[in-house]
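Student: Need a 3D model of the following:
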Amino acid sequence: MKRKTGLKIVTAVILMSAFSSCKKISQKSQSVVYSDYASFDWFDYRGNDDAYQNLTKSDVDYLNPVLAGFYPDPTICRVEEKFYLVNSSFCYFPGLPIFESTDLVHWKQIGNIIDRREQADFGNSRLSGGMYAPTIRYNKGRFYVICTNVSGVGNFIVTAKNPAGPWSNPIVLPDVNGIDPDIFFDEDGKVYITHNGPPPNNISLHDGHRAIYMLEYDLEKQKTTTSPKLVINGGTDMSKKPVWIEGPHVIKKNGFYYLLCAQGGTGFNHSEVIFRSKNIYGPYESYVNNPILTQTPLDPNRKNLVSTTGHADFVELPNGDWWSVFLGCRPYEGDFYNMGRETFMMPVEWKNDWPEIVGGNEPIPMIHKRPNLPLSKEKIEPLNGNFVSKDDFDSSKLDLKWSFIRTPKEKWCDLINGNLLIKPRPESIHAETNFSFIGRRQQHLKFEASVKFEFNPKDNLQVAGLTAFQNEKHYFLIGKRMNADHKLEVFVERTADKINNGKSEIIAKKELLDSGKPLFVKIEGNGRWYSFYYKTTEKQDWILLIKDVDGVILSTKEAGGFVGTYLGMYASSEHF
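Tutor: The predicted model follows:
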C-alpha cells in the first residue's frame with residue numbers, strides 16, 4: 001500500500017508553461033507550497049445497472065451501448081485491421097476523444113484530437129457550444145477529422161499521421177456554411193465536403209427546414225474549390241415537412257453514392273435515413289423503407305428502453321460485412337435521461353443495393369452477437385456493461401477519461417505523491433468559465449462515485465468536493481466548507497432553474513467535529529434519484545446526509561443542451 005503525502009507537508013514545484021494537463025512536477029520549475037489546494041487521494045466509480053444483471057454474455061456477444069455515457073455523434077473509419085471512432089465533445093476539453101479497437105467491441109481511448117489551446121479556445125461559451133459532430137476518415141497515410149467549432153472558427157479540418165496525435169492546428173473552411181461536415185475521398189482522387197446548412201435561399205418553408213450541401217476540396221491548397229451545391233432539400237419527403245436533416249456521411253459501394261443522414265432532430269423523434277445516386281452531386285433518391293433507424297413509434301413502456309437513435313456512421317469490415325455506430329439514450333420515466341447521448345452499435349444488411357441497420361426499427365438490444373472479428377485480448381478498462389473504475393492518481397499524467405470544462409488558460413492542478421491537487425480559484429461552478437473542475441462521465445443509471453480528499457478552507461467562500469454536473473445552472477455538489485460561524489461542515493448544494501428561482505440552495509449539512517481528518521464523500525445515483533453520503537475514516541460506514549433527491553434536474557429535458565452528466569472534483573475560492 002502506497003503512503004500518500006498530506007497537504008500539510010507537501011512542498012513541490014509548479015510548471016510555468018502553458019496549461020495542457022495535470023502532470024507530475026518538473027524539477028526545473030519554480031517551488032510552491034500547496035497548503036491552499038484541495039488534495040484528492042482517489043476517485044472511485046462503480047456502475048451497476050439492473051439491465052446487465054440478468055444478461056449472460058459470452059465471447060460471441062457484445063453489450064450496448066459500446067461507449068456508455070456522454071459519447072454522442074459517433075463517427076468511425078477502418079485502417080487495415082484497426083478501427084477508429086471519434087465523438088462530439090462540445091465545450092469539454094481536451095476535445096473530440098478518439099478511440100481504437102481491433103474487434104469493434106473493446107474500445108481504448110488513445111487521445112484527444114483537440115488538446116492544445118491554439119486548436120480551440122472555448123472562452124466563456126455556453127457548455128453546449130464548441131465541438132459539434134465530427135467525421136473521421138483516412139486517405140493515403142493520413143487521418144482527417146472535419147468538424148464544426150460553433151464557438152470559434154466554424155468548420156475546420158485537422159490531420160495527423162498517427163491517430164493518437166499530435167493533430168494539426170485547424171484548417172479553417174470559411175466557405176462551408178453550416179454544421180456536421182463530412183469529408184469523402186472518391187476513387188478518382190477528388191475530395192468532397194458535405195454538410196448541413198440553411199434552406200435554399202435561406203427561406204424556411206416550415207420550422208426545422210434545413211438542407212444538405214456539397215462542394216469540392218483541394219487537399220494541396222487546403223481550401224474549397226467550388227460553390228456549395230444543394231443535394232438534399234428538407235429531407236426524405238418535403239410534402240411531410242421533414243425537419244433537421246443533418247449529420248451527413250457519404251459512402252460508395254457498387255457504383256452508387258450513398259448519403260446517410262440524421263432527420264427529425266436529436267430528441268425523441270430522431271431517426272436515420274438513406275439516399276443514393278449514381279452521381280456524386282445527385283439527384284439523390286430516398287429509400288422507400290426510410291427511416292432505416294428510429295425508436296420513435298415503439299412502445300414507450302418496453303423493457304431496457306433506448307430512445308432518440310440516429311446520427312449513424314457506417315464501416316466495412318475486412319471480410320465485407322458492414323456495421324453501424326449511432327447515438328442513443330437510455331431514459332427513465334419516459335423521456336428523461338441524465339447521461340446524455342451514448343454510442344450504440346448494430347450490423348448493417350444490404351438489400352437490393354440499399355443498406356438497412358439490422359433491427360433499426362425494433363427495440364435496440366442490450367446484448368447482441370458481436371462482429372466476425374478476432375476478439376481482442378488486450379486488457380482495457382471497460383466502457384460499457386457494469387464495471388468498477390478507480391483512479392489513485394499514481395500516474396505521471398491524468399488518465400484520458402478526465403475532462404476540464406472549457407479551455408484552461410493557466411495551470412491550476414498537479415499530480416504529486418499520488419495526489420491530485422486542485423487549486424481553488426475565484427472562478428466558480430455558477431459561471432460559464434474554466435473553473436477548477438476535473439470530471440468523468442456518468443456512465444450508468446445506477447452508480448456510485450466517491451472521493452477521499454483534504455481541504456482546509458480559510459473563509460466561508462471557499463469550497464471543495466464532488467459534483468454531479470449537467471451545466472452551470474443544473475448540478476449537485478457535496479463538499480466541505482466553513483459556515484457563517486466559522487465551523488467546518490459537509491454540505492449538499494443543489495442548483496436548478498425551476499427550483500428556488502434558479503438560485504443555489506443548501507439542502508443538507510452537517511458539522512464536522514474533527515476538521516483535521518480527510519473527508520470521504522459519495523454520490524449514489526439510481527435512475528431519477530440521487531443520494532449523498534460522507535464519512536471521516538476509511539473503515540467507517542457511510543453516513544447518509546440526504547437521500548433520494550430528485551435528479552431530474554440533471555436530465556437533458558430539464559437542463560437543455562446536448563451534453564451529459566459529469567461526476568467531477570471541484571474547488572473554488574469564491575463559490576458563494
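Student: just checking, Pro318 touches Phe83?
Tutor: No: the pair Pro318 and Phe83 fails to qualify as a contact (Cβ atoms under 8 Å) at a distance of 10.5 Å. For every residue, glycine as well, the C-beta is placed using N, CA and C.
Student: neighbour count winner among the two?
Tutor: Each of Pro318 and Phe83 had its neighbours counted (other Cβ atoms under 10 Å), and the higher figure belongs to Phe83 (22 against 10).
Student: Identify the residue spatially nearest to the more buried one, adjacent ones excluded.
Tutor: Nearest residue to Phe83, sequence neighbours excluded (Cβ to Cβ, 6 or more residues apart in numbering): Ser101, at 4.8 Å.
Student: now do Ile183
Tutor: Sequence neighbours aside, Ile146 is the residue nearest to Ile183 in space, at 4.6 Å (criterion: Cβ to Cβ, 6+ apart).
Student: Mind telling me what element that neighbour is part of?
Tutor: Element membership of Ile146, judged by DSSP states H and E, is strand 142-149.
Student: Contacts made by that strand with the rest, please.
Tutor: 77, 79, 84, 86, 96, 113, 120, 130-138, 154-161, 163, 167, 170, 173, 178-183, 193 (Cβ atoms under 8 Å, 6 or more residues apart in numbering).
Student: Selecting buried members of the residues you listed in ChimeraX, what would you type?
Tutor: One line in ChimeraX is enough to select the buried ones among these; burial here means 16 or more other Cβ atoms under 10 Å:
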select :77,84,86,96,113,120,130,131,132,133,134,135,136,137,138,154,155,156,157,158,159,160,163,167,170,173,178,179,180,181,182,183,193
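Student: List the ones among the contacts of strand 142-149 that fall in strands.
Tutor: Secondary-structure check on the contacts of strand 142-149 using DSSP state E: residues within strands are 77, 79, 84, 86, 96, 113, 135-138, 154-160, 179-183, 193.
Student: So what's the residue count around the closest residue to Ser286 other than its chain neighbours?
Tutor: The shortest distance from Ser286 to any residue other than its chain neighbours is 4.4 Å, reached at Thr236 (Cβ to Cβ, 6+ apart). By the measure other Cβ under 10 Å, the count of residues near Thr236 is 20.
Student: Contacts for stretch 386-401 next, please.
Tutor: Contacts of stretch 386-401 (Cβ under 8 Å, 6+ apart): 2, 21-24, 40-49, 52-53, 97, 109-112, 381, 415, 418-420, 438, 440-441, 444.
Student: so the residue nearest to Ile183 bridges to which residues?
Tutor: In this structure, Ile146 has the following beta-bridge partners (DSSP bridges): Thr135, Ile157.
Student: ok, it to Leu173 distance?
Tutor: In this structure, Ile146 and Leu173 are 8 Å apart, going by Cβ to Cβ, to the nearest Å.
Student: what touches both of these two?
Tutor: With contacts taken as Cβ under 8 Å, 6+ apart, Ile146 and Leu173 have 155-157, 181, 193 as neighbours in common.
Student: Using CSV, write down the CA coordinates of stretch 380-397.
Tutor: Below are the C-alpha coordinates for stretch 380-397, written out as CSV (Å, rounded to 0.1, in the frame of the first residue of the first chain):
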residue,chain,number,x,y,z
ILE,A,380,-8.6,-2.4,-21.4
GLU,A,381,-10.7,-0.5,-18.8
PRO,A,382,-14.3,-1.3,-19.8
LEU,A,383,-16.5,1.5,-21.3
ASN,A,384,-19.8,-0.5,-21.2
GLY,A,385,-21.6,-3.0,-19.1
ASN,A,386,-21.2,-2.9,-15.3
PHE,A,387,-17.7,-2.1,-14.1
VAL,A,388,-15.6,-0.5,-11.4
SER,A,389,-13.1,2.2,-12.2
LYS,A,390,-10.8,3.7,-9.5
ASP,A,391,-8.0,6.2,-10.1
ASP,A,392,-5.4,6.5,-7.4
PHE,A,393,-3.6,9.3,-9.2
ASP,A,394,-0.3,7.4,-9.3
SER,A,395,0.3,8.1,-13.0
SER,A,396,2.6,10.8,-14.4
LYS,A,397,-0.4,12.5,-16.1
